[in-house]
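Participant: only the shape, not the letters, is given here:
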């Protein structure tokens, strides 16, 4: 079946550091890939998504590229801020917005 | 933007009792809602899919008689954990799919602790 693996946290960085959170997946067919973010006390929010191979999703300075050859969708940001502290979930799903499979989440703490 | 609200955000209950968690779409109608559970250091796992006005579809291994799901209106789905046990302690989160659309919106989640 489909599965998602992402790097375990917590990840602690200083402000303005470079961020990478690795995510790899196993799937049949051609799923869409997502990164969700959960800020303290809030619901999961869609951060970015990519629907096909080589697509790059981007939002709020975060980027991730759908790499079919390496079955990866790593999340990157060039310069993190304290306000980026949250839990990040990698997920795959179908193009109808259903059948989500999530990774375990990676907690990011950014220190001033 | 679309908002999904869960209540309560944290609940502690005694073993053997039942507890209800609500999931509401505040500013849109949701024909389909989803319930997930996350045990510590594990992935969010889909428990069931509920469609307004019909019975929920449960994932393999999820006891439908223990986790009762009711989706009686287009803006509310409830998950009732019946005869709760300590092993049911977990993080439960719902999501709602806007009627006629593909986008999924998540609630903030509910922490259940059974003592």
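Facilitator: Yep, it's here. Small disclaimer: the values here were computed from a predicted structure and weren't measured.
Participant: bridged to residue A:33, which residues?
Facilitator: Beta bridges link residue A:33 to residue A:50, residue A:92, judged by DSSP bridges.
Participant: and it, what is it in contact with?
Facilitator: A:23, A:25, A:49-50, A:57, A:64, A:66, A:73, A:90-92 (Cβ atoms under 8 Å, 6 or more residues apart in numbering or on different chains). The way it works is simple: take the backbone N, C-alpha and C, and place the C-beta from them, glycine included.
Participant: go on, residue A:77?
Facilitator: Contacts of residue A:77 (Cβ under 8 Å, 6+ apart): A:18-19, A:61-63, A:84.
Participant: and for residue A:110?
Facilitator: Taking Cβ under 8 Å, 6+ apart, one finds A:12-15, A:17, A:80-85 in contact with residue A:110.
Participant: partner residues bridging it?
Facilitator: Residues in a beta bridge with residue A:110, per DSSP bridges, are residue A:13.
Participant: closest one to chain B out of the contacts of residue A:33, please.
Facilitator: Nearest to chain B out of those is residue A:91 (Cβ to the nearest Cβ; 8.0 Å).
Participant: per-residue confidence for the residue nearest the centre of chain A?
Facilitator: Per Cα atoms, centre = their mean, the C-alpha nearest to the average position across chain A is that of residue A:35, at 3.4 Å. For residue A:35, the pLDDT comes out at 96.
Participant: which residues touch the spatially closest residue to it that is not a sequence neighbour?
Facilitator: Excluding the flanking residues, the one nearest residue A:35 by Cβ to Cβ, 6 or more residues apart in numbering or on different chains is residue A:47, at 4.4 Å. Residue A:47 sits next to A:34-37, A:59-60, A:62, A:75, A:88 when contact means Cβ under 8 Å, 6+ apart.
Participant: which SSE is residue A:47 in?
Facilitator: strand A:45-50 (DSSP states H and E).
Participant: quick check: mean pLDDT of that strand?
Facilitator: Here the average pLDDT along strand A:45-50 is 92.
Participant: check stretch B:80-100 too.
Facilitator: In this model, stretch B:80-100 has an average pLDDT of 93.
Participant: sorry, back to before: tell me the one of the contacts of residue A:33 nearest residue A:112?
Facilitator: residue A:64 (25.7 Å; Cβ to Cβ).
Participant: go ahead and confirm that closest one touches residue A:35.
Facilitator: Yes. Judged on Cβ atoms under 8 Å, residue A:64 makes contact with residue A:35 at a distance of 5.8 Å.
Participant: who touches both of the two?
Facilitator: Joint contacts of residue A:64 and residue A:35 (Cβ under 8 Å, 6+ apart) are A:23, A:48, A:57, A:73, A:75.
Participant: that older thread, ok, which pair from the contacts of residue A:77 is furthest apart?
Facilitator: A:63 and A:84 (13.4 Å).
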